[in-house]
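In: Next comes the sequence, and after it the predicted model I'd like to discuss.
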Amino acid sequence: MSPSVPPSMSSSVPAAPPPVLRTQPVLTRSDRVIVGGGAVAVAFAGVTRYVHLGSVTAFAVAAVAVAMLATLVGRSVEQLGDRFGPGATGVLQSALGNLPELFIGIFALRAGLVQVVQAAIIGSILGNILLVLGLAFLVGGLKHGRQQFDSTRARTAIAMLILAVAAMVVPSLAHYVHTPAAKHEQALSSIVAIVLLVVFAFSVPASLRREPGEVPDHEAEPPRWPLWLALGLLTAASVLAALVSDWFVHALTPAIEALNISQAFAGLVIVAVAGNAVENVVGIQLAARNQSNYALSVIINSPLQIALVLAPVLVLISTVIGGATLTLVFAPMLVAAVALSVITVAFIIIDGESVWLEGAALLGLYGVLATAFWWG
Amino acid sequence: MSPSVPPSMSSSVPAAPPPVLRTQPVLTRSDRVIVGGGAVAVAFAGVTRYVHLGSVTAFAVAAVAVAMLATLVGRSVEQLGDRFGPGATGVLQSALGNLPELFIGIFALRAGLVQVVQAAIIGSILGNILLVLGLAFLVGGLKHGRQQFDSTRARTAIAMLILAVAAMVVPSLAHYVHTPAAKHEQALSSIVAIVLLVVFAFSVPASLRREPGEVPDHEAEPPRWPLWLALGLLTAASVLAALVSDWFVHALTPAIEALNISQAFAGLVIVAVAGNAVENVVGIQLAARNQSNYALSVIINSPLQIALVLAPVLVLISTVIGGATLTLVFAPMLVAAVALSVITVAFIIIDGESVWLEGAALLGLYGVLATAFWWG
Amino acid sequence: MSPSVPPSMSSSVPAAPPPVLRTQPVLTRSDRVIVGGGAVAVAFAGVTRYVHLGSVTAFAVAAVAVAMLATLVGRSVEQLGDRFGPGATGVLQSALGNLPELFIGIFALRAGLVQVVQAAIIGSILGNILLVLGLAFLVGGLKHGRQQFDSTRARTAIAMLILAVAAMVVPSLAHYVHTPAAKHEQALSSIVAIVLLVVFAFSVPASLRREPGEVPDHEAEPPRWPLWLALGLLTAASVLAALVSDWFVHALTPAIEALNISQAFAGLVIVAVAGNAVENVVGIQLAARNQSNYALSVIINSPLQIALVLAPVLVLISTVIGGATLTLVFAPMLVAAVALSVITVAFIIIDGESVWLEGAALLGLYGVLATAFWWG
């Protein structure tokens, strides 16, 4: 009953100003790094596009610029989506999150690089379920031991991924076993694409309604950007992404020749990793923080969107834009690689827990598959 | 301690007459619809068999007649089996339930339609695990949300289906990779058929002993038909099924030509759906009533019987009846389709729950596979 | 407070002699059977090696001698390992347990029998996951009904097996779909071998640390053999194993010709079963004793060591010893058989329980696959 205040309370009195300090600026430090870094990378990529500084340099700079713009698109969508509730963010992210990959795909098809695009589609799936998931299991397991994931959302996501990949490989199977349908691979691919898009459309309402307690409040921060800024940055980043994707594709073939790698390896590993680099870090960070359910959900959702949205849209768009036509008849080794990987990963996920050794083995499988595509 | 009877008991006194009213007739309305409808359909099919009314009409009428007779065989078996306890029903159903499909298979083999029979075997499996299961997940999920199935019987059924399909595709694999065994495909197919039948024989005792509480008392109604009626209707329906199966096969080739579809599509989709139409409705109805465990058990049991009984019996019978010899060397696209589907469905089932979106995706996969067989 | 000692303590006084009686001799009866039987078998095998008693006799005797020596190596390792704690036993067993198979593999490669070695590698995996696991499920299920296995160790083992087999089949897939990597199959095989060995090396620390309560104290008996005896018997058995493996391989080709079977069948069934005969009995015995978790762990661990250690070591050794070079490009039917079997078994294990019917079906699948390799 002495009048002396407890130390913790008394120390809070001089700490009154912090609330003012804690008010975040419109653009946080990290926002400014992305906007500023993106601007520098785009400018530098523009220089290497028109001034010859070596094909590999031009390609690397364009890849960094694409990755920065992808991050900026992602953050604009987040700021925009939060105004309409958390569910809308997910849908917007589905719609716009793969925008840079879409631009790259379109420009690559117009440049006739069908093999690169096909390899990049499969490579994006493999990169997520082998490389990123392997790193997440490895980092999470080394830091936290055996990790459990029991989320129904994660299990539904892996079930949907298996279904989507199963439908996606049907045209290839029809082609390689020489059924009569092999003569109609363009029509069969378009039908598969439409089925995948319809399944995606059906999945939107479920994504809009987030199950309580399943998503941590990691994203619960209120939107900081005014609407005009979010819309403006999204528009600017999208336009620049289209521009830089063109440069990226332009630099791709000389870089492949300079590095003496196969088109398949370039698509499977380099384009796929560049196109997904930044967003993938999130999944690994979540696993490191022992949020294994959320990490799994984020990591599996990315290849699911590639199979349900990106690949079908590219197939359908390729029939109307000029350039090469994209079908879902993949090179047989790509089909083997994705079938092998999806089945393996599904078994590892379905038992509801992970250890770091499984992560190491997933990375080993990724290395083995990448090696199998190395020789050109 | 008053002499007044409790309300529930007193109310039962005036309710005495209802038992008389509740006494069901020997043939219920639904029984009479099936018997009467079957008779009309068989008569009409007989007319179209000998009076030319168009090949598609003849085929459609024969298909309806087969479906009616299949239902009548099923109901007779149920009435007969209930006399010997619930387990015996299952065994009798296994033995006689696929009788119409067996007759169709035999007549089709005698007509040399090996491709149709092989496609119908695979198509019956796909129809159950993609089309019917997809509809059951869709209807059940839309009505009741996320459905759980944790029955050990259902999980054992899916494990047995995987094992049976794995054994069934070995002759095809041996053929397509050109091992020396490819030259002995008839012998290898017969050995596989015998192994499958032995596994089925081993499974009969387990089917006879139903686990308590697992099967709802949906079927617990006492047999209504006198023994002579059940036996008589079973015999009549079986004989007619043999007759109508002959007409069905006779109408098949002209209908295929009139519709301009491939033999594979006719077997995979049309024969398979016609042969399983009525029994499949049961699985979907059970899912709609939220009896997801029982629905799954019924739906998985049907392709299991096709793999363990119908296909092996047709292989062995085809070596003694005249006509084409049936081997288990399926067209490669059929092998790919069944492998893809069984693996996909097993993953979806093994996690113990379903959502309607998975049902929609299963239907999408069925559509994609059916499309891949469309072109002739 | 009475001076009387409690019954249990007082009864221990006259019981003092039993410890003397209970002291086991250095070599138990079972030890002496193995040492003596091994010596007789090796001597007899030596006779048949140089005195012609028929090629099948020579082969059978050499097979028995190999099996006896494999048991003796295993027991020496056990006695040796127990000195350094239970975990070390596992690691030593991993390192030395497949020693006879390794010798057979090396001599067979030097004799140019690449097909036999490849078939034996796949056959050892199939033998464990189909034949031994099938027998364990059958025996365990018939004696104890439905058996549960919920051990995380068993589930991690099957996940690792899938991953190892997935990596192991990549060179075959690359070869058969004619990717450019097919021209570098030697290099690709070596890279896969190194990846598998690295994953194995990572797994050693986890094996050293046994999870409490998971392994029954079945092996908890203290080492009975003095160090010199364990080391001496291990050395003697290893040297003799090398010698007898040479005779075994020498007798193999004449026996194959005398029995008129294919090289693939000889490797897949005969060499694989002979090389793993004795150790496999343990898994079945454990299942019979209802220790289903431990049985599963033992049975799955054996093919896992073949995929992670034996196959890679043979691939790498074959590049330095004379004779045929071993690659991981297996005959396509071997790839199909192992893929089919691993996927099927993984589904059966992943649901966490077994019934004897699943065991019977696994044996059926083994029989079907063995038949498919029968014709030469």
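Out: Yep, that arrived. All of these numbers come straight from a predicted model, not from anything done at the bench. Numbers count the residues shown, from 1 in each chain, chains lettered A, B, ... in the order given.
In: what's the distance between the residue nearest the centre of chain A and residue A:100?
Out: Per Cα atoms, centre = their mean, the C-alpha nearest to the average position across chain A is that of residue A:276, at 4.2 Å. Remark: distance between residue A:276 and residue A:100 (Cβ to Cβ, to the nearest Å) = 10 Å. Using the backbone N, CA and C atoms, a C-beta is placed for each residue, glycine as well.
In: how about the residues of chain A near chain C?
Out: Contact residues, chain A versus chain C (Cβ under 8 Å from any Cβ of the partner chain): A:146, A:262, A:264, A:331-333, A:336-337, A:340-341, A:343-344, A:347-348, A:350-351, A:353, A:355, A:357-358, A:360-362, A:364-365, A:367-369, A:371-376.
In: Could I have the ChimeraX command that selects the buried members from those?
Out: The ChimeraX command for the buried members of the residues of chain A next to chain C (criterion: 16 or more other Cβ atoms under 10 Å in any protein chain shown) is given here:
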select /A:262,264,331,332,333,336,337,340,341,343,344,347,348,350,351,353,355,357,358,360,361,362,364,365,367,368,369,371,372,373,374,375
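In: mind showing which ranges of chain A have poor pLDDT?
Out: A:1-25, A:81-91, A:93-95, A:151, A:207-223, A:277-279, A:376 (pLDDT under 70).
In: how about the strands of it, start to end?
Out: A:147-148, A:353-354 (DSSP state E).
In: Deepest in the core, which of these is it.
Out: Comparing those by mean neighbour count (mean count of other Cβ atoms under 10 Å in any protein chain shown), strand A:353-354 ranks first with a mean of 23.
In: what residues does that strand touch?
Out: Under the contact criterion Cβ atoms under 8 Å, 6 or more residues apart in numbering or on different chains, strand A:353-354 has outside partners A:137, A:140-141, A:146-149, A:292, A:348, C:152, C:155.
In: can you redo the residues you listed as TSV with distance to residue B:320?
Out: Formatted as TSV, the contacts of strand A:353-354 follow (distance: Cβ to Cβ, whole Å):
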residue	distance to residue B:320
A:137	56
A:140	61
A:141	59
A:146	57
A:147	58
A:148	56
A:149	55
A:292	59
A:348	48
C:152	52
C:155	47
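In: Just give me the closest of those residues to residue B:195.
Out: Using Cβ to Cβ, residue C:155 comes nearest to residue B:195 of the contacts of strand A:353-354, at 28.9 Å.
In: Leaving out chain neighbours, which residue sits closest to that closest one?
Out: Nearest non-adjacent residue to residue C:155, counting by Cβ to Cβ, 6 or more residues apart in numbering or on different chains: residue A:351, 4.7 Å away.
In: same deal with residue A:308?
Out: Counting by Cβ to Cβ, 6+ apart, residue A:308 lies nearest to residue A:200, which is 4.0 Å off, once chain neighbours are set aside.
In: of all the strands of chain A, which lies closest to residue B:300?
Out: When the strands of chain A are compared by Cβ to Cβ, strand A:353-354 sits nearest residue B:300, at 26.8 Å.
In: Find out how far the closest one is from the centre of the chain, if you would.
Out: A distance of 23 Å separates the centroid of the chain from that of strand A:353-354, by Cα atoms, centre = their mean, to the nearest Å.
In: likewise stretch A:291-300?
Out: 13 Å.
In: So which bits of the top helix by length along chain A are buried?
Out: Ranked by residue count under DSSP state H, the longest helix found in chain A is helix A:227-259. For helix A:227-259, the neighbour count (16+ other Cβ under 10 Å) marks A:229-230, A:233-234, A:236-238, A:240-249, A:251-253, A:255-256 as buried.
In: Likewise for stretch A:148-156?
Out: Neighbour-count burial for stretch A:148-156 [16+ other Cβ under 10 Å]: A:149, A:151-156.
In: And for stretch A:26-34?
Out: Quick answer for stretch A:26-34 (16+ other Cβ under 10 Å): A:27, A:31, A:34.
In: Pick out the most distant pair among the contacts of strand A:353-354.
Out: Going by Cβ to Cβ, the pair spanning the contacts of strand A:353-354 furthest: A:140 and C:155, at 17.3 Å.
In: ok so, going back, where's the residue nearest to residue A:308 relative to chain C, distance?
Out: 28 Å (Cβ to the nearest Cβ, to the nearest Å).
In: what's the burial count for that residue?
Out: Residues lying near residue A:200 (other Cβ atoms under 10 Å in any protein chain shown) number 22.
In: Now for it: which residues touch it?
Out: A:94, A:305, A:308-309, A:312 are the contacts of residue A:200 under Cβ under 8 Å, 6+ apart.
In: Enumerate every residue touching the nearest residue to residue A:46 once chain neighbours are set aside.
Out: Closest residue in space to residue A:46, ignoring its immediate chain neighbours: residue A:247 at 7.3 Å, by Cβ to Cβ, 6+ apart. Applying Cβ under 8 Å, 6+ apart to residue A:247 gives the contacts A:45-46, A:48-49, A:58, A:62, A:65.
In: Buried subset of those residues as a PyMOL selection?
Out: Only the buried entries of the contacts of residue A:247 go into this PyMOL selection, using 16+ other Cβ under 10 Å:
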select buried, chain A and resi 45+46+48+49+58+62+65
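In: Looks like residue A:315 contacts residue A:324 (just checking).
Out: No - at 11.7 Å, residue A:315 does not count as touching residue A:324 under the criterion of Cβ atoms under 8 Å.
In: Just want to know which of the two has more residues nearby.
Out: Neighbour count, other Cβ under 10 Å: between residue A:315 and residue A:324, residue A:315 has more, with 26 against 16.
In: how about the nearest residue to the more buried one, chain neighbours excluded?
Out: Leaving out its chain neighbours, the residue that sits closest to residue A:315 by Cβ to Cβ, 6+ apart is residue A:193, at 4.2 Å.
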